[in-house]
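Q: Sequence plus predicted model, see below.
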Amino acid sequence: MRLDQDCLGELFVPDDALYGIHTLRAVHNFPITSEKVNPVIIESYLQIKKAAALANQQANNLSAQKATLIVSACNQLLFSSNNDDFLVPAIQGGAGTSTNMNVNEVVAQLAMRLSAKDGHTPVKIHPNDDVNRSQSTNDTYPTAGKMAMIKKLTPLKDALAKLTSTLDDKAKTYAQAIKVGRTQLQDAVPTTFGRSFAAYAAMFRRDAQRLKATLPALETVNLGGTAIGTGINAPAGYQQRVVPLLNQVAHLSLTQADDLVDSTQNSDAFTTISAALKTLAVDLTKFCNDLRLLSSGPQAGFNELSLPKRAAGSSIMPAKINPIIPEVVNQVAFEVIGNDVTTTLAAENGQLELNAFEPIMFRAILMSETHLANAIETLVTNCVAGIQVNEKHCQQEVAHSSITATILSPILGYEKTTELIKTAIAEKKSVKELVKQQHLLAEPLIDDLFSPATLTNSKPATAATAKTASANH
């Protein structure tokens, strides 16, 4: 065991541990969850420490020897799959200080060990004085959080692109598949599944655009602002170099905020991305609810869609199959909507020069990004790609739907059409059949009016058609 100390006292730390006293205090102070800080935040933090060491060296604020050791330690940690020394819980007080100090301690300890290889005298690398030089938790932590969110956006956007592409394919496959439209769950004029699938795809394309629109806010960072954005303790030259160097290290397109004080204390970038994620969750819920409703049955429900069968649906009812994929996506969406509420409350409760509640915002947003990407992936692979339209059943529904009489309203008038609908329902006949029985229009015209193309407005009635119809009437 080695004895570490801080301003509160001393604690024993295991000899083989890279972490130190600040990390141990965080573990003791925040026994809220076993969930650790997101690994992508840790990765981003290590990239920041690497860039900061290089910027300090170039600004003549850190020796080349120490900078090289810090960079080497960061590289080793970045390329290692062992994160056992990053112990700080995801939910923590202190505005992220425990996370920053955990990284500082691990990098410093590993850098010293690297310096002592081959029997060399170890170089003293201090977590605060060296690894954290020219930095504060208040500029490094939000920068690491934004970097992590940007990285997590990539798989989410890829999953969304796959969903929209699959829906586009379904729209082409079922372009002519007619169905009864519904408004307020009541029969409405006919449409096609081609149009329905195309509408879903358009909705998710807008979600992708909303996510893309969050990038400028996420790419604007306050790194170099140190404690409250004034840049105290950062030497001349460091502030101008650190973000460009970080871009080289992390392969990102970050820009330093024009107003570092504003960027340090205000959290609207996080509510912006959270809102976009929430909107995507709402759209996914609507889509999945439609899938569940349209596939309901198969005998006592809509039964217009057949979803891929993925698991037995009941421990007591034989052969029952449930829409488990839309159900799990719905639950992820509920979680994301709740995460947006958490982010909103955390953002509005920031005070004066700093928001102390970024840890819970980062956890909520990164969780939403990850779970949405995974949920959309399973939605596409295990559900949407295998959807089949029960076309014959849908055609029969349209043929027996009295609401198709809407096509007659401009010709026969609203009241006469209403009368036809009531009669059709009462006598359980189709409107088309009644119109023919009552000789209200010429049969060729009736067939044309009640064709799928006309009913779905794929081939709108022409003025000549209306004139002929009026003359016959």
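A: It's in. Numbers count the residues shown, from 1 in each chain.
Q: so what's the residue nearest to Val221 when sequence neighbours are not counted up against?
A: Among residues not flanking Val221 along the chain, Thr143 sits closest, at 4.3 Å (C-beta to C-beta, 6 or more residues apart in numbering). In this view, the C-beta of every residue, glycine as well, is placed from N, C-alpha and C. Contacts for Thr143 (C-beta atoms under 8 Å, 6 or more residues apart in numbering) come out as 44, 48, 221-223, 246, 254.
Q: Next, format these as TSV and append pLDDT and distance to Asp84.
A: Conversion of these to TSV gives the following (pLDDT from 0 to 100; distance: C-beta to C-beta, whole Å):
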residue	pLDDT	distance to Asp84
Ser44	98	19
Ile48	98	21
Val221	98	29
Asn222	98	31
Leu223	98	27
Leu246	98	26
Leu254	98	29
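Q: which two in the residues you listed are spaced the farthest apart?
A: Ser44 and Asn222 (14.1 Å; C-beta to C-beta).
Q: Now for Leu114, how many residues are close by?
A: 18 (other C-beta atoms under 10 Å).
Q: I figured it hits Ile70, correct?
A: No. If you go by C-beta atoms under 8 Å, Leu114 and Ile70 don't touch, sitting 9.6 Å apart.
Q: On the three-state scheme, Leu24 is what?
A: For Leu24, the assignment made with DSSP: H, G, I helix; E, B strand; the rest coil gives helix.
Q: Just checking the distance from the host helix or strand of Asn374 to the centre of its chain.
A: If you go by DSSP states H and E, Asn374 is part of helix 358-382. Distance of helix 358-382 from its chain centroid, counting by C-alpha atoms, centre = their mean, to the nearest Å, is 5 Å.
Q: pLDDT score for the residue nearest to Cys288 when sequence neighbours are not counted?
A: Excluding the flanking residues, the one nearest Cys288 by C-beta to C-beta, 6+ apart is Pro326, at 3.7 Å. On the pLDDT scale, Pro326 is placed at 97.
Q: So what does Pro326 have for phi and psi?
A: Main-chain dihedrals, Pro326, degrees, to the nearest 10: phi -60, psi -30.
Q: distance of it from Leu354?
A: Going from Pro326 to Leu354 by C-beta to C-beta, to the nearest Å gives 42 Å.
Q: out of these two, which sits in the busier spot?
A: Neighbours of Pro326 and Leu354, each counted by other C-beta under 10 Å, are more numerous for Pro326; the result is 23 against 20.
Q: Enumerate every residue touching the residue nearest to Cys288.
A: Applying C-beta under 8 Å, 6+ apart, the residues contacting Pro326 are 288-289, 291-292, 307, 379, 383.
Q: Could I get the buried residue list for stretch 385-401?
A: For stretch 385-401, a neighbour-count test (16 or more other C-beta atoms under 10 Å) marks 387, 389-390, 393-394, 397-401 as buried.
Q: just how off-centre is that stretch within its chain?
A: Distance, centroid of stretch 385-401 to centroid of chain: 33 Å (C-alpha atoms, centre = their mean).
Q: And the contacts of that stretch?
A: 166, 170, 174, 177-180, 187, 190, 193, 291, 303-308, 404, 430, 432, 452, 455.
Q: got the end-to-end distance for it?
A: End-to-end span of stretch 385-401 (C-alpha to C-alpha, to the nearest Å): 29 Å.
Q: if we can go back for a sec, so which of the contacts of Pro326 comes closest to Lys36?
A: The closest of those to Lys36 turns out to be Leu379 (C-beta to C-beta; 28.3 Å).
Q: Distance of the closest one relative to Lys157?
A: Distance, Leu379 to Lys157, by C-beta to C-beta: 15 Å.
Q: more crowded one of those two?
A: Legend: neighbour count by other C-beta under 10 Å for Leu379 and Lys157, higher for Leu379 (24 against 16).
Q: How about the more buried one, nearest residue that isn't a chain neighbour?
A: According to C-beta to C-beta, 6+ apart, the nearest residue to Leu379 is Val329 (5.1 Å).
Q: Can you give the distance of the helix or strand harbouring Ala333 from its chain's centre?
A: Using DSSP H and E, Ala333 maps to helix 324-348. How far helix 324-348 lies from its chain's middle: 10 Å, per C-alpha atoms, centre = their mean.
Q: quick one: that helix to helix 358-382, angle?
A: Helix 324-348 and helix 358-382 are oriented at 160 degrees to each other (axes from the mean of the first three to the mean of the last three C-alpha atoms, to 10 degrees).
Q: Domain boundaries for this protein, per the record?
A: 2-133, 139-227+263-392, 400-472 (automatic domain parsing).
Q: quick one, what contacts Lys416?
A: Leu408.
Q: Pretty sure it sits in a helix.
A: Yes. Counting by three-state DSSP, Lys416 is part of a helix.
Q: measure it to Met203 for me?
A: With C-beta to C-beta as the criterion, Lys416 and Met203 are 38 Å apart.
Q: Which ones among the contacts of Thr143 map onto helices?
A: 44, 48, 246 (DSSP state H).
Q: Select from those residues the one having the most neighbours.
A: Of the ones in helices among the contacts of Thr143, with other C-beta under 10 Å as the count, Ile48 tops at 28 neighbours.
Q: Report the contact partners of it.
A: By C-beta under 8 Å, 6+ apart, the contact set of Ile48 is 135, 140, 143-144, 147, 223, 246.
Q: Any idea how far apart the tips of stretch 75-92 sit?
A: End-to-end for stretch 75-92, by C-alpha to C-alpha: 27 Å.
Q: just how off-centre is that stretch within its chain?
A: The chain centre lies 24 Å from the centre of stretch 75-92; the measure is C-alpha atoms, centre = their mean.
Q: Could you shift the numbering so residue one becomes 51, and keep it that way?
A: From this message on, residue numbering opens at 51, which makes the last subject stretch 125-142.
Q: what does the average pLDDT come to for that stretch?
A: The pLDDT scores in stretch 125-142 average 93.
Q: So for that stretch, what gets flagged as buried?
A: 127, 135-140, 142.
Q: can you redo these as JSON lines with distance to Met417 and secondary structure?
A: Formatted as JSON lines, those follow (distance: C-beta to C-beta, whole Å; DSSP: H, G, I helix; E, B strand; the rest coil):
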{"residue": "Leu127", "distance to Met417": "24", "secondary structure": "helix"}
{"residue": "Asp135", "distance to Met417": "23", "secondary structure": "coil"}
{"residue": "Phe136", "distance to Met417": "18", "secondary structure": "coil"}
{"residue": "Leu137", "distance to Met417": "19", "secondary structure": "coil"}
{"residue": "Val138", "distance to Met417": "17", "secondary structure": "coil"}
{"residue": "Pro139", "distance to Met417": "14", "secondary structure": "strand"}
{"residue": "Ala140", "distance to Met417": "9", "secondary structure": "coil"}
{"residue": "Gln142", "distance to Met417": "15", "secondary structure": "coil"}
